[in-house]
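> Next come a sequence and a model predicted from it.
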Amino acid sequence: MVKAILRFVSCCRTAGYRVSTSEVLDCISQLELVNMLDEVEFRAVLRTNFAKSRREQAHFDQLYHLFFHEMLQDISLDEADPVSDKMGDVIESIGKQSNANRSHQAIMDFLSGNPMAFLEIMRMLQTEEFDMTQDRKFNLGPLASRLEVMVQLNDVRGEIDRFLNDNPLHYALKTRQELARRFARQLDNAHALLLKEPRPYNDGLKEVMTHEKYLRQLGERPFTSLTHKELEQVREIIDRLVRKLKDIVSRRYAANQRGFLDVKKTLRKADRYQGVPMEIRFKKKPPRKGKIVALCDISSSVWAAARFMLNILYSLQECFTKVNSFVFVAGLAEVTDIFENEEINNAIEKVLKEVDIDYHAPTDYGETFRHFKADYMDILNNKTTLIIIGDARTNYYYPEDRILAEMREKCRRLIWLNPEQEKSWNIGDSEMYSYKPYCHEIRACRNLNQLVRFVEELVL
C-alpha cells in the first residue's frame, strides 16, 4: 500500500501538483487509523492531506480517479490479475518490435499502469506558449504538438490490434478479447486526457446574474421540468407580476375618477369666455372591465400550466368584472366559489381533493363541451373572454368542435392556450387543428415567459 501511495504522489508531482514529504508521511501514518479497504475513508485521508485548498480539490479528484480507477492500480490484497500480467507481456513484445520515440514510450508506459511520463507530456503541452518572435499570435504550435501525440495514440492502437490478431504469444480467443477491451479503455482514457483543455478551477467564484437575465432563463424552462425550489421562485415572480398589473390598472382607474378630457364640452363652455377654455370638462365613462371564463384541463402535465393560469386569474379578479373558473378531465366542474372564498393554495388543494372529477379517466373534450353547453352556455356574452387551457388531446373521442363554434359565437374572444409544442399539435390524438378554425387566438403556453406575455396583453 505504501508503494501505491508513493506512486500516486509521484504522479501528482509529475502533473504539477505540489505534495511535500511531510504531507506524505502524515498521510501514511493516518491511513493506519482507518479501514483502508473502505474507499470513502481511504480517499478522505488522501484528500485531507494533499488538497490544501478548495481550489486544489478538483485537481486532486481528477488525479485520484485517473490513478486508482482508470489506471486500475493493483493495490488489493488479493492475487494479482492474470490479465494484467498478459498486458505487460504484450506491451513488452510490442516495445521490442518498434523504434519508440518519447511519446510512443510514454503511451506504452501509460498502458502498463505507469502514467508519469504521459502526464509529463500533458503538462508540457498545457504550458507550451506561442513564439514571441512572431508578429502575430497563433496557437498552432500547441495544436501541432497535441496532434503529434494523437497520431502516436492511433499508431499504438493499430500496433496492439495487429499484435493480437497475429497472436504470437498464442493466447486464447477470450483472453485476446479481454486484452483488446482493456487496451481500448486505457487508450480512450489517454485520448480524453489529451483532448481535455485545462481550465483554472474556482468553485468560490460568485457569478452575478442580472435580475432580467435570471428571469429570462427561468422563464424559458417548461413548467413540467421545474424543481420544487424553482416552483417557489416562479410563484414569487407571478406575485410581483400581479402587483405590477394591479398598480397599472388602479392608476388607470384613479386617473379616470375625473374622466378623459371631453373636447366638445370644453369648447362649448369656452364660448362665454371668448373662446378661452376656462372650464375643463371630462368624460365620466370609466374603462371597461372584461369578463373571464376559464376552462382548465387538469390532467397530468397540462395541470402545471393551468395551475399558474388559475393562480394569476385568481389574484387579478378585481381587474375583471367576473372570473368564472372550470376544471375538467372527462367531465366538467365549476370551481368559481372555491377560488373566490379560499386562499389560492387552499383553493388548489380543494380542487384536487374535493371536486367531483375522476382525475384518472382519459381526457374527453367532447364530453366537456357537451356538459358546458347544457349547463353553462348562458354565462357567455359579448363581454366575455373565454380561455381554454389544454393540449386538445381527446383520446380519439369525438371532439365536438361544432359546440366550440357555438361558444365562439356567444363570446367576445375565444383564446386557446396549449402547453405542448406547436409541432405536436397535429400528432396522434391531438385535435388542435380541428378546434383552430373556431378560436380567435391560439398560443403555446409551456413556460413562464409565454404565460406572462399573454396575461399582460389580457389585462392591459
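That came in fine, so what should we check first? Numbering: from 1, shown residues only.
> drop to CA atoms for contacts and neighbour counts, all remaining ones
Will do.
> how many other residues sit next to residue 188?
By the criterion of other C-alpha atoms under 10 Å, residue 188 has 15 neighbours.
> Going by residue numbers, what spans are helices in the stretch 151-300 of the chain?
173-195, 211-219, 228-255, 263-269 (DSSP state H, counting those that start in this stretch).
> Show me what counts as buried in the shortest one.
By 16 or more other C-alpha atoms under 10 Å, the buried positions in helix 263-269 come out as 266-267, 269.
> quick check: mean pLDDT across it?
Mean per-residue pLDDT for helix 263-269: 83.
> OK, contacts around residue 181?
Shown in contact with residue 181 (C-alpha atoms under 8 Å, 6 or more residues apart in numbering): no residues.
> all numbers from here: first residue = 662
Got it, the first residue is 662 from now on, which makes the last one we talked about residue 842.
> which residues of the stretch 712-861 of the chain fall in strands?
In the stretch 712-861 of the chain, no segments count as strands under DSSP state E, counting those that start in this stretch.
> So what touches stretch 805-818?
764-765, 768-769, 786, 845, 848, 852, 855.
> and what of stretch 751-768?
Against stretch 751-768 from outside (C-alpha under 8 Å, 6+ apart): 769, 772-773, 776-779, 782, 810, 813-814, 817, 820-821, 824, 851.
> Skip the chain neighbours and tell me the closest residue to residue 695.
residue 702 (6.6 Å; C-alpha to C-alpha, 6 or more residues apart in numbering).
> The one you found against residue 694, yeah?
No - with contact defined as C-alpha atoms under 8 Å, residue 702 does not reach residue 694; the gap is 9.9 Å.
> neighbour-wise, which of the two wins?
A count of neighbours by other C-alpha under 10 Å puts residue 702 above the other of residue 702 and residue 694, at 15 against 10.
> List the buried residues for the strand or helix carrying that one?
Per DSSP states H and E, residue 702 falls inside helix 700-711. Neighbour-count burial for helix 700-711, counted by 16+ other C-alpha under 10 Å, picks out 703, 706-708, 710-711.
> so where's this protein shaky on pLDDT?
676, 715-716, 731-742, 759-761, 787-803, 857-873, 912-921, 945-949, 962 (pLDDT under 70).
> residue ranges of the strands in the stretch 862-1011 of the chain, please?
921-922, 943-944, 952-958, 983-989, 993-995.
> Highest mean neighbour count out of those?
Neighbour counts (mean count of other C-alpha atoms under 10 Å) averaged over each of these peak at strand 952-958, with a mean of 24.
> Now distance to residue 895 too, for the strands of the stretch 862-1011 of the chain, in CSV please.
Output for those, formatted as CSV (distance: least, C-alpha to C-alpha, whole Å):
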stretch, distance to residue 895
strand 921-922, 37
strand 943-944, 40
strand 952-958, 20
strand 983-989, 22
strand 993-995, 26
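> of the ones you listed, which approaches residue 804 most closely?
Nearest to residue 804, of all these, is strand 952-958, at 57.1 Å by C-alpha to C-alpha.
> can you tell me how far residue 1047 sits from residue 1062?
Distance from residue 1047 to residue 1062, counting by C-alpha to C-alpha, to the nearest Å: 15 Å.
> Also residue 751?
74 Å.
> same deal with residue 899?
Distance, residue 899 to residue 1062, by C-alpha to C-alpha: 33 Å.
> And residue 882, by the same measure?
Taking C-alpha to C-alpha, one finds residue 882 at 32 Å from residue 1062.
> Pick out whichever of the two has more residues nearby.
For residue 882 and residue 1062, the more surrounded residue by other C-alpha under 10 Å is residue 1062, and the numbers stand at 19 against 15.
> Make sure the more buried one is actually in contact with residue 1093.
No - using C-alpha under 8 Å, residue 1062 is not in contact with residue 1093, being 9.9 Å away.
> number of nearby residues for residue 1022?
Residues near residue 1022, counting by other C-alpha under 10 Å, number 11.
> Please read the previous query as pertaining to residue 1035.
For residue 1035, using other C-alpha under 10 Å, the count is 9.
> helix/strand/coil for it?
Assigned with DSSP: H, G, I helix; E, B strand; the rest coil, residue 1035 falls in the helix class.
> What distance do you get for it to residue 1064?
Look at residue 1035 and residue 1064: by C-alpha to C-alpha, they are 10 Å apart.
> now do residue 744
Remark: distance between residue 744 and residue 1064 (C-alpha to C-alpha) = 74 Å.
> can you check residue 902 too?
Taking C-alpha to C-alpha, one finds residue 902 at 35 Å from residue 1064.
> Show the contacting residues for residue 922.
Contact partners of residue 922, counting by C-alpha under 8 Å, 6+ apart, are 941-944.
> Turn the residues you listed into a markdown table, columns for distance to residue 1118.
Formatted as a markdown table, the contacts of residue 922 follow (distance: C-alpha to C-alpha, whole Å):
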| residue | distance to residue 1118 |
| --- | --- |
| 941 | 32 |
| 942 | 31 |
| 943 | 27 |
| 944 | 25 |
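> which of these sit farthest apart?
Across those, no pair lies farther apart than 941 and 944, at 10.3 Å, counting by C-alpha to C-alpha.
> if I look at these two, which residues touch both of them?
Shared contacts of residue 941 and residue 944, counting by C-alpha under 8 Å, 6+ apart, come down to 922-923.
> So for the spatially most central residue of the chain, what's the nearest residue that isn't a sequence neighbour?
The centre of the chain sits closest to residue 882, judged by C-alpha atoms, centre = their mean, with a distance of 6.9 Å. Once flanking residues are discounted, residue 882 sits nearest to residue 1108: 5.8 Å by C-alpha to C-alpha, 6+ apart.
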